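Peer 1: quick check, what structure comes out for this input:
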Amino acid sequence: MVIFRVDANSMIGKGHMKRCVSIAKAIKLLGGRVLFVTREDSDISVLENDFMEYKTVPSMSLGSEKAIDCLKEIIGETGAKVCVVDSYDVSDTAFKSLKEVCKVVLIEDYLYDVYDVDCVVNYNLYVEKLDYMSKYKGNTQLLLGMDYAPFGYDTSLSLRKPPINGSVESIMVYTGEVDVHEIAPGIVDSLLDCLDDSVRLRVVTSKQSPTRDVLFKMSNTSSQIIVEPDITSFPKLLKNCDIAVTVADSVCYDVLSTNIPACVFQTDYRQNLLLKSLTEKDLMVFGGDLVNRGNKFYGDLVEGVTTLVEEEKRKEI
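Peer 2: I've put the predicted structure just below:
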């Protein structure tokens, strides 16, 4: 039995839960058993869609003594040998307590601190810029780099090389699971002003997004806008798109796996490492920086997308 301790709510994107589900699927294929433990305020649709067994716990800080005692009790009841934690809400004291009852694996995106765990997974493109090798001196196993990216997709959808058409017909727009900065409508308006009337914008939203209703109203007044609610598979959506416009988060790896030319932007300083890695390696086109550019962000995004509309640039990417 492997337990996954991960949340997905208004503060924590579903990407954390989705990548854990990808790993859980592989464990089940190998004959193992899995159980997800998540807070009562989590969106469990990801788990239910993939038929994952789960248990909810009170909504409290994972680093608190009560939360760890609750998790240890579940571990004891199930006889789990491994607990995979995917959360920023952690503490070294909590991990040391967990290690008393099972092996502990931490999935993270940044080297915020050094923790007493058995294994650390960071598959991000920029991981070589973080100082894992010198900071982790003990027996912690380090699984670093893109070789460990947790893909769980049908091989017919991933790693394909789509034809680059002469014209762009469909563009995916993704601003995050929650669109915290409420920029999706502004992006759509900006792109409609610079694209041909034949181009469709497929805008991804979710039930938690504050701009969801606005996007649906916009789609009612323009045939160019198609709202994609509660996407469960980005590769399936991307299969019908010529360009992706995406925030610099875990979805970028979905985009890379399908070889769709993309324009990437940041809305949070924590996304800067991924944004720089993608653009410096010429894997994606720079699409703006909301953190430092403010309203000029929309102009930068339009410039990036306009660049990708050119057939030769898409072929190059």
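
Peer 1: okay, and Gly13 sits in which element?
Peer 2: Using DSSP states H and E, Gly13 sits in no helix or strand.

Peer 1: which residues sit in contact with it?
Peer 2: By Cβ atoms under 8 Å, 6 or more residues apart in numbering, the residues touching Gly13 are Gly176, Glu177, Val178, Asp249, Ser250. (C-beta placed from N, C-alpha, C; glycine too.)

Peer 1: so in terms of bridging, what pairs with the closest residue to the first one other than its chain neighbours?
Peer 2: Distance criterion Cβ to Cβ, 6 or more residues apart in numbering; nearest residue to Gly176, sequence neighbours excluded, is Val247 at 5.0 Å. Bridge pairing for Val247 (DSSP bridges) gives the partners Phe265.

Peer 1: give me the number of residues near Val247?
Peer 2: 28 (other Cβ atoms under 10 Å).

Peer 1: I'd guessed Ile3 sits against Glu73; true?
Peer 2: No: using Cβ atoms under 8 Å, Ile3 is not in contact with Glu73; the gap is 11.5 Å.

Peer 1: neighbour count and pLDDT for the contacts of Gly13 - can I get that in CSV?
Peer 2: Output for the contacts of Gly13, formatted as CSV (neighbours: other Cβ atoms under 10 Å; pLDDT from 0 to 100):
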residue, neighbour count, pLDDT
Gly176, 23, 90
Glu177, 28, 81
Val178, 21, 85
Asp249, 22, 90
Ser250, 21, 87
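
Peer 1: quick check: the two most widely separated of these?
Peer 2: Val178 and Ser250 (13.7 Å; Cβ to Cβ).

Peer 1: how about the nearest residue to the residue nearest the centre of the chain, chain neighbours excluded?
Peer 2: Note on the chain: the residue nearest the mean C-alpha position is Ser250, at 2.8 Å, using Cα atoms, centre = their mean. Once flanking residues are discounted, Ser250 sits nearest to Gly15: 3.9 Å by Cβ to Cβ, 6+ apart.

Peer 1: neighbours of that neighbour, just the number please.
Peer 2: Count around Gly15 with other Cβ under 10 Å applied: 19.

Peer 1: any idea how far it lies from Thr246?
Peer 2: 12 Å (Cβ to Cβ, to the nearest Å).

Peer 1: just Glu65 next, same as before
Peer 2: 39 Å.

Peer 1: do Val302 as well
Peer 2: 15 Å.

Peer 1: cool, Val104 as well?
Peer 2: Val104 is 32 Å from Thr246, by Cβ to Cβ.

Peer 1: how about Tyr123?
Peer 2: From Tyr123 to Thr246 the distance is 18 Å (Cβ to Cβ).

Peer 1: which of the two has more residues huddled nearby?
Peer 2: A side-by-side neighbour count of Tyr123 and Thr246, using other Cβ under 10 Å, places Thr246 first with 26 against 19.

Peer 1: Val90 contacts Tyr115, correct?
Peer 2: Yes: here Val90 reaches Tyr115: they are 6.9 Å apart, a contact under Cβ under 8 Å.

Peer 1: tell me, what's touching the two both at once?
Peer 2: In contact with both Val90 and Tyr115: Leu106, using Cβ under 8 Å, 6+ apart.

Peer 1: quick one, which of the two is more surrounded?
Peer 2: More crowded of Val90 and Tyr115, by other Cβ under 10 Å: Val90, with 22 against 19.
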